[in-house]
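*Asks:* Quick one, structure for this:
(one chain, ligands or ions: 1)
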Amino acid sequence: MTAKSANPIESHLTRRDFVKATAGLAATSVAAGALPARAWAFAGGTDRIKVGLIGCGGRGTGAADQALAADPGTVLWAMGDAFKDRLDGSLASLGKQMQEKDAGESAGSTKWKDKLQVAEDRRFVGFDAYRKVIESGVDVVLLASTPVFRPIHLRAAIEAGKHVFCEKPMAVDAPGVRSILETVAMVPSKKVSLVGGFCWRYSDAERATWSKIHEGAIGDVRAIWNVYNTDGWAGTTPRKPGWSDMEWQLRNWHYFYWLSGDHLVEQAIHSIDKIAWTMKGELPTSCVAVGGRQCRAAVPETGNVFDHFGVEYEFASGARAFHMCRQMANTPFDNSDTILGTKGTCLVNSWAPSHVIDGETKWTYDGPRRNMYQNEHDALMKSIRDGKPINDGVAMANSTMMAIQARLAAYTGQVVTWDQAMQSQENLTPKTWAWGPVTVAPVPKPGVTKLS
Ligand SMILES: NC(=O)c1ccc[n+]([C@@H]2O[C@H](COP(=O)([O-])OP(=O)(O)OC[C@H]3O[C@@H](n4cnc5c(N)ncnc54)[C@H](O)[C@@H]3O)[C@@H](O)[C@H]2O)c1
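*Replies:* Have a look, this model is predicted:
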């Protein structure tokens with residue numbers, strides 16, 4: 001993999017949004033300069049908010065850039081990754097970006113390169129890098145590693161009293177979600193913020209649209225139909241001589257469900273989260289799903305993940321939700337939501353972008369469309385400055401569990417209730433982390449693979 005996100009849509013947006021974030025910073029700096037001194041006081045009486053990045057890939061690098069743009073006092077203080085080349089690549093990319101910002105018209109009084117303060121002894125590599133980042137004196141950590149590690153990393157960060165930006169998914173299995181929920185319960189007593197990477201929840205247009213739905217603009221929600229179809233994937237990482245199984249699988253993590261959760265949990269979870277958001281946190285009583293692996297070549301690089309899923313959730317309120325996702329080359333892209341209510345319909349095509357309600361209420365969103373990834377970090381840093389913590393934890397955990405519930409239903413071919421999913425004992429996390437052999441589980445087979 002290259003240092004950019006493997007998701008072509010998301011990496012494209014990250015680059016485009018970076019330009020917008022750069023343009024927006026002059027205004028941020030002016031506004032922040034006008035803040036009363038009290039609002040500037042931070043831990044230890046300093047203005048600085050020290051940020052640590054854990055997982056220096058495409059999304060992590062983007063998140064670091066956004067954290068630096070979110071507040072004049074943020075500095076990148078420490079970085080951690082499983083691999084040195086990934087860390088070095090991320091730091092070099094950020095260095096280039098800061099240089100461009102310093103040379104750009106919007107630089108203002110900000111010295112962007114001074115925001116990169118990752119001294120050599122605060123660049124950590126290996127499985128314990130996360131702990132060293134957390135112990136390096138940072139105030140905030142950005143969690144953007146391969147998903148399987150998230151419960152471990154989040155637990156360590158919150159226990160240490162750090163503010164957190166946590167990318168989705170929050171786990172790849174039910175034990176991971178249960179761990180996340182335990183950690184989330186600690187957040188209020190730690191008085192820290194936990195902002196989740198379900199980025200549509202920080203998008204201006206989506207926020208306005210879902211507010212309208214929750215206010216009753218389409219009446220009672222009866223059905224949700226949403227789609228996350230992509231035209232394949234950005235490529236595999238062929239194995240190099242000398243790489244252990246662990247190294248190769250980690251470098252090629254999207255294709256191994258023990259690392260990624262499969263693409264339903266890793267990518268299409270954004271759509272599953274929109275279902276959860278529509279239902280205002282009502283959890284599905286049961287789920288039935290189909291899925292398979294029709295187009296992924298039978299080569300080791302494509303691991304053991306499926307390439308398509310179809311999911312149906314049932315809710316006690318009588319509503320149903322249907323989701324389809326696909327990763328197949330040469331097929332059309334679709335990432336849309338249709339929400340049917342007793343008084344109208346809401347059609348969302350987030351990327352178009354188009355947000356329309358029709359029925360008793362007629363409404364089209366025409367407000368601002370700021371960069372949602374930047375909004376996440378603006379909200380996080382503001383919550384820290386204002387001393388008003390955000391805790392996205394429960395919603396993050398529930399959406400992750402809904403996606404895992406659907407994967408369990410598709411892999412086994414069985415109807416899976418919420419309780420069965422929550423109590424699942426399937427633990428995809430190895431007992432120890434070492435650069436050695438890792439057996440790849442066979443591709444799951446509905447009707448044969450058992451629910452555990
Ligand atoms: N919200 C969004 O729109 C969005 C977009 C892209 C990715 N993501 C999420 O962000 C996460 C990272 O995705 P990405 O596209 O940046 O992938 P990536 O492969 O580019 O980056 C992941 C990085 O984590 C590192 N890593 C692996 N194990 C680690 C460990 N134990 N400790 C520290 N670092 C470790 C990898 O070496 C790699 O550099 C994923 O969870 C993904 O789902 C979210």
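
*Asks:* domain parsing for the chain?
*Replies:* Following automatic domain parsing, the chain resolves into domains at 8-200+374-392, 203-368+399-422.

*Asks:* Indicate which one of these is closest to the ligand.
*Replies:* The ligand sits nearest to domain 8-200+374-392 of all the domains of the chain, at 1.7 Å, using Cβ to the nearest ligand atom. C-beta: built from backbone N, CA, C; applies to glycine.

*Asks:* So is the closest one next to the ligand?
*Replies:* Yes: applying Cβ under 6 Å from any ligand atom, one finds domain 8-200+374-392 in contact with the ligand at 10, 54-60, 80-83, 86, 127, 129-130, 144-147, 149, 167-168, 197, 199.

*Asks:* re the thing from before, now tell me which of the domains of the chain the model trusts least on average.
*Replies:* Note on these: domain 8-200+374-392 shows the lowest mean pLDDT, a mean of 85.

*Asks:* which residue sits farthest out from the middle of this protein?
*Replies:* Glu360 (35.1 Å; Cα atoms, centre = their mean).

*Asks:* measure that residue to Cys346 for me?
*Replies:* According to Cβ to Cβ, to the nearest Å, Glu360 and Cys346 sit 12 Å apart.

*Asks:* Give the residues shared as contacts by those two.
*Replies:* By Cβ atoms under 8 Å, 6 or more residues apart in numbering, Glu360 and Cys346 have no common neighbours.

*Asks:* Show the contacting residues for Ala316.
*Replies:* Neighbours of Ala316 in contact, by Cβ under 8 Å, 6+ apart: Glu282, Thr285.

*Asks:* Give me the contacts around the lengthiest strand in the chain.
*Replies:* Longest strand in the chain, counting residues (DSSP state E): strand 221-230. With Cβ under 8 Å, 6+ apart as the contact definition, strand 221-230 has outside contacts at 7-9, 213, 267-268, 270-271, 274-275, 278-279, 318-327, 331-342.

*Asks:* The helix or strand following that strand near the ligand at all?
*Replies:* Going down the chain from strand 221-230, the next helix or strand is helix 245-251, by DSSP states H and E. Yes: Helix 245-251 lies within reach of the ligand by Cβ under 6 Å from any ligand atom, at Leu250.

*Asks:* now for the next helix or strand after helix 245-251, which elements pack on it?
*Replies:* Counting by DSSP H and E, the element after helix 245-251 in chain order, helix or strand, is helix 257-260. Helices and strands touching helix 257-260, by 3 or more Cβ pairs under 8 Å, 6 or more residues apart in numbering; DSSP states H and E: there are none.

*Asks:* Skipping its backbone neighbours, what lies nearest Lys343 in space?
*Replies:* Gly219 (3.1 Å; Cβ to Cβ, 6 or more residues apart in numbering).

*Asks:* sec struct for the one you found, please.
*Replies:* coil (DSSP: H, G, I helix; E, B strand; the rest coil).

*Asks:* Pull the contacting residues for Ile404.
*Replies:* Applying Cβ under 8 Å, 6+ apart, one finds that Ile404 lies in contact with Ala171, Val172, Asp173, Ala174, Val177, Gly261, Val265, Ala421, Ser424.

*Asks:* Make TSV from those residues and add neighbour count and secondary structure to it.
*Replies:* Formatted as TSV, those follow (neighbours: other Cβ atoms under 10 Å; DSSP: H, G, I helix; E, B strand; the rest coil):
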residue	neighbour count	secondary structure
Ala171	30	coil
Val172	31	coil
Asp173	25	coil
Ala174	23	helix
Val177	27	helix
Gly261	29	coil
Val265	29	helix
Ala421	24	helix
Ser424	20	coil
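
*Asks:* Reformat the residues you listed as JSON lines; add distance to Lys191.
*Replies:* Shown next, in JSON lines, are the contacts of Ile404 (distance: Cβ to Cβ, whole Å):
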{"residue": "Ala171", "distance to Lys191": "24"}
{"residue": "Val172", "distance to Lys191": "29"}
{"residue": "Asp173", "distance to Lys191": "30"}
{"residue": "Ala174", "distance to Lys191": "29"}
{"residue": "Val177", "distance to Lys191": "24"}
{"residue": "Gly261", "distance to Lys191": "31"}
{"residue": "Val265", "distance to Lys191": "31"}
{"residue": "Ala421", "distance to Lys191": "32"}
{"residue": "Ser424", "distance to Lys191": "33"}
